[in-house]
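Chemist: Attaching a predicted model along with its sequence, questions to come.
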Amino acid sequence: GTPQLYTKNQVDSLIVTRSGSEGSIQNLSLEGEELKISGGNTISFEKWDTDSTDDFSGSFLDLSDKPELFSGNFEDL
């Protein structure tokens with residue numbers, strides 16, 4: 001149940017394997033609120049999420065519709 005983590009070299013290898021000779025590795029950089037992609041392409045996050053009132057605090061207690069922990073006997077299932 002834990003995520004599988006890859007090194008940069010493993011990710012680069014996966015990209016080259018998947019893209020074959022038609023693809024190319026892209027360089028990404030985040031400068032302020034702009035994601036720059038090699039080749040001159042950019043994505044602006046200037047007005048991405050301006051409403052901080054709906055942000056998640058990171059606390060389990062702040063979740064709505066929290067899952068309930070099973071407190072019964074597994075033999076009763």
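Modeler: Yep, that arrived.
Chemist: Next, the distance between the ends of stretch 40-48.
Modeler: Start-to-end span of stretch 40-48 (Cα to Cα, to the nearest Å) is 21 Å.
Chemist: hmm, who's touching stretch 41-59?
Modeler: With contact meaning Cβ atoms under 8 Å, 6 or more residues apart in numbering, stretch 41-59 is reached by 33-37, 62-63. Glycine gets a C-beta too; all of them are placed from N, C-alpha and C.
Chemist: and stretch 28-43, what's its mean pLDDT?
Modeler: Stretch 28-43 shows a mean pLDDT of 88.
Chemist: Toward the C-terminus, what is the element adjacent to the worst-scoring helix or strand of the chain on mean pLDDT?
Modeler: Ranked by mean pLDDT, DSSP states H and E, the weakest helix or strand in the chain is helix 8-19, scoring a mean of 71. Next helix or strand after helix 8-19 toward the C-terminus (DSSP states H and E): strand 28-31.
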